[in-house]
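Undergrad: Just a sequence and a predicted model for now, questions to come.
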Amino acid sequence: MPIVIDKVDTWIVDIPTIRPHVLSMTSISRQVMMLVFVHCSDGVTGLGEGTTIGGLSYGDESPEGMKLAIDRYCAPLLIGADASSPAAAMARVRAHVVGNHFAKNALETALLDAAARRAGLPLSALLGGRMRDRLPVLWTLASGDTARDIAEAETMIAAGRHDTFKLKIGKRAMARDIAHVAAIKQALGDRASVRVDVNQAWDEQTALRGAAMLADAGVDLIEQPLPHADRAGMARLTSRSRVPIMADEALRGPGDALDFARFRGADAFSIKPPQAGGLFAAGRIAAIATAGHIGVYGGTMLEGGIGTIAAAHLFSTFDRLEWGTELFGPLLQTEDILAEPLDYRDFSLILPDGPGLGVTLDLEKASHFRRDGPGRTAVSLSIKEPI
Ligand SMILES: O=C(O)C[C@H]1C=CC(=O)O1
Ligand SMILES: [Mn+2]
């Protein structure tokens, strides 16, 4: 008897962040996660997560939209389908649903988690096998305040948690932002690598001047300085900047990665399974990066434990990961909805060995924070910032 997909459930879960996280386009003080449960006829359930930043401020999918896309359009395509081939199941979804990369990634993760659990293998084994058991993880300093960011970095270094920091800039005038970055780099010196993420906020002229000043300040990497559609500008900037340039929002699938590799639009790629449209698509971006002599970095959408560990399984299979990862999402949340939190130590995230994702959802806790669940909390009702 073939094992088929019986049911697909989606939940929206709201968790506050430990402090406001300030980016160029929005500030968040909670994270909204869309969880997917794929229930199979053999009793195995796979888990996936779709999370973005600040509703629709970062990308063109919101957690609420992901839930709708899955409930209304994707789930009916999957019910009764063979659960043993996530690739065939996702091909069916892709044939009928355009775009919706975050929703597709969450579904593909759940299908792969179920298949790997059934096989008794860690997800990384299904994706080709691990090249490493731990991933270096940086921390983003984004409180919006220089002194607080320096204090936060010092605490992280002292605790052995992070020694590489990404600073979110682009919200304020360029000179003010760079003074903030330079002060942090000066305070940390050689004890830390400092990078910046402009989140598309600059134009090419600002970026050319900014890159020169950031080089003088000792910054190691500049992430997505220009709007995602300005590929020619990214290529010109990459050829002129003394600091390596990384593409993030511009990479919405392997096709974008191929263009960037052809025109050397970046020195490094931030690889994010949700932006890519799934774990397999993200793996193809890494292959293009490697073939194009472009550096590889494991990005995040500030996901919780499920999305984070799914990405970690994939990143563990990459043969090159020159720029490390930023898989710190669960550490930014006040609560963990996993039964056992992810294992962060020695500046790294340690991959679990159990089958599938290798993590267990604390169902009671997740239901408590579920927006539409029985334990609906004050958190989801008292939020003032835009969803
Ligand atoms: O990279 C982004 O643009 C999004 C995200 C990742 C880390 C962080 O602080 O924000
Ligand atoms: Mn980024």
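TA: In hand now; what should we look at? Residues are numbered from 1 along each chain as shown. Ligands and ions are numbered 1, 2, ... in the order given.
Undergrad: How is Gly189 assigned, secondary-structure-wise?
TA: Following DSSP: H, G, I helix; E, B strand; the rest coil, Gly189 is assigned to helix.
Undergrad: Run a quick neighbour tally on the residue in the stretch 151-300 of the chain positioned nearest to ligand 1.
TA: For the stretch 151-300 of the chain and ligand 1, the shortest gap (C-beta to the nearest ligand atom) falls at Thr300, measuring 4.8 Å. For glycine as for every other residue, the C-beta is placed from the backbone atoms N, C-alpha and C. Per other C-beta atoms under 10 Å, the neighbour tally for Thr300 reads 25.
Undergrad: wouldn't it be in contact with Pro330 here?
TA: No: the pair Thr300 and Pro330 does not pass the contact test of C-beta atoms under 8 Å, sitting 10.0 Å apart.
Undergrad: Now the common contact residues for those two.
TA: Counting by C-beta atoms under 8 Å, 6 or more residues apart in numbering, the contacts common to Thr300 and Pro330 are Thr308.
Undergrad: right, and the helix or strand after the helix or strand hosting Arg209?
TA: Element membership of Arg209, judged by DSSP states H and E, is helix 204-217. Going down the chain from helix 204-217, the next helix or strand is strand 222-223, by DSSP H and E.
Undergrad: Can you tell me how far the residue of the stretch 151-300 of the chain closest to ligand 1 is from ligand 2?
TA: Applying C-beta to the ion, to the nearest Å, the value for Thr300 to ligand 2 is 9 Å.
Undergrad: List the contacts of that residue.
TA: The contact partners of Thr300, by C-beta under 8 Å, 6+ apart, come to 272, 307-308, 311, 325-329.
Undergrad: Tell me how many other residues crowd the closest residue to ligand 2 within the stretch 101-250 of the chain.
TA: Of the stretch 101-250 of the chain, the residue with the smallest distance to ligand 2, taken as C-beta to the ion, is Asp248 at 3.6 Å. Per other C-beta under 10 Å, the neighbour tally for Asp248 reads 21.
Undergrad: now do Ala235
TA: Residues contacting Ala235 under the criterion other C-beta under 10 Å number 18.
Undergrad: same question, Val98
TA: Residues near Val98, counting by other C-beta under 10 Å, number 6.
Undergrad: Spell out the secondary structure type for it.
TA: Val98 - assigned by three-state DSSP - is coil.
Undergrad: In contact with it, which residues?
TA: By C-beta under 8 Å, 6+ apart, the contact set of Val98 is empty.
Undergrad: so after the top strand by length along the chain, what's the next helix or strand?
TA: If you go by DSSP state E, the chain has its longest strand at strand 5-22. Next helix or strand after strand 5-22 toward the C-terminus (DSSP H and E): strand 27-40.
Undergrad: For the stretch 251-387 of the chain, give me the ranges with low pLDDT.
TA: Within the stretch 251-387 of the chain, the stretches with pLDDT under 70 are 374-387.
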